[in-house]
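> sharing a model that was predicted from the sequence below.
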Amino acid sequence: MCVSQDPAIVEGKARLLRFYYDVAMDRQKHIVQTVFRLVSTRVDENCCCFVEDESLFGPDHKIIYRHFATLYFVFIADSAESELGVLDLIQVFVQVLDSCFENVCELDLIYHFDRVNYILDEIVMAGMVLETNADLILAAVKETKKLEQEGSTFGF
């Protein structure tokens, strides 16, 4: 989940939201609001980037996030995932976005949602981490962009 924060608004707006299991829309809205409230109120620089909320996800899940400028990048992971590994995954995701959009901002996420989703699919698919090497992800993105520019029809 990538959430943006407008300083004039206390609610976060989800700009990229991905669930890897079926979740009702009202539940998704509740999750986004609750998670944003939890992470946005942790303003102390000494706070770690991990939050637990048993009432929201149960005892086996952690909210792992990073805050860059006005964007919060949030992942929810169970105890099978390494918290530091997920922080690294967020860092790689932001690094690739920065490389593709030259200092990623909220507007990039809005107007290039297809490319942002493609990048996330190169990193995570069906809830499983596929790749964390930023150079390999960038190479795949560049190859896809090259094919798009050539008007590739994949043999049709």
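Good, I have the coordinates. All values reported here derive from a predicted model rather than from experimental measurement.

> which pLDDT value belongs to Lys142?
Reading off the confidence values, Lys142 has pLDDT 91.

> ranges for the strands of this structure?
For the chain, the strands defined by DSSP state E occupy 2-5, 12-16, 50-51, 61-68, 71-78, 124-125, 128-129.

> now for the third one, which elements pack on it?
Which is strand 50-51. Other elements packing on strand 50-51 under the criterion 3 or more CB pairs under 8 Å, 6 or more residues apart in numbering; DSSP states H and E are strand 61-68. (C-beta placed from N, C-alpha, C; glycine too.)

> ok, the fifth one next?
Strand 71-78 makes packing contacts with strand 2-5, helix 25-40, strand 61-68, helix 83-101 when contacts are defined by 3+ CB pairs under 8 Å, 6+ apart.

> rerun at 10 Å
strand 2-5, strand 12-16, helix 25-40, strand 50-51, helix 54-57, strand 61-68, helix 83-101, helix 106-111 (3 or more CB pairs under 10 Å, 6 or more residues apart in numbering; DSSP states H and E).

> out of those, which is closest to Glu143?
helix 83-101 (13.0 Å; CB to CB).

> can you redo the strands of the chain as CSV with mean pLDDT, mean neighbour count and distance to Phe101?
Formatted as CSV, these follow (pLDDT from 0 to 100; neighbours: other CB atoms under 10 Å; distance: least, CB to CB, whole Å):
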stretch, mean pLDDT, mean neighbour count, distance to Phe101
strand 2-5, 52, 22, 13
strand 12-16, 85, 19, 13
strand 50-51, 88, 16, 27
strand 61-68, 90, 19, 13
strand 71-78, 90, 20, 12
strand 124-125, 90, 14, 19
strand 128-129, 87, 11, 22
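
> quick one: contacts for the closest residue to Val39 other than its chain neighbours?
In space, Val39 comes closest to Tyr65 once its chain neighbours are excluded; the distance is 4.9 Å by CB to CB, 6 or more residues apart in numbering. Taking CB atoms under 10 Å, 6 or more residues apart in numbering as the contact definition, Tyr65 lies against 1-3, 35-36, 38-40, 42, 49-51, 72-76, 86-87, 90.

> go with 6 Å
By CB atoms under 6 Å, 6 or more residues apart in numbering, the residues touching Tyr65 are Val39, Cys49, Tyr72, Val74.

> with Tyr20 instead?
If you count contacts by CB under 6 Å, 6+ apart, Tyr20 has them with Gly127.

> quick revisit: pairing-wise in the sheet, spell out the partners of the residue nearest to Val39.
Val74 (DSSP bridges).
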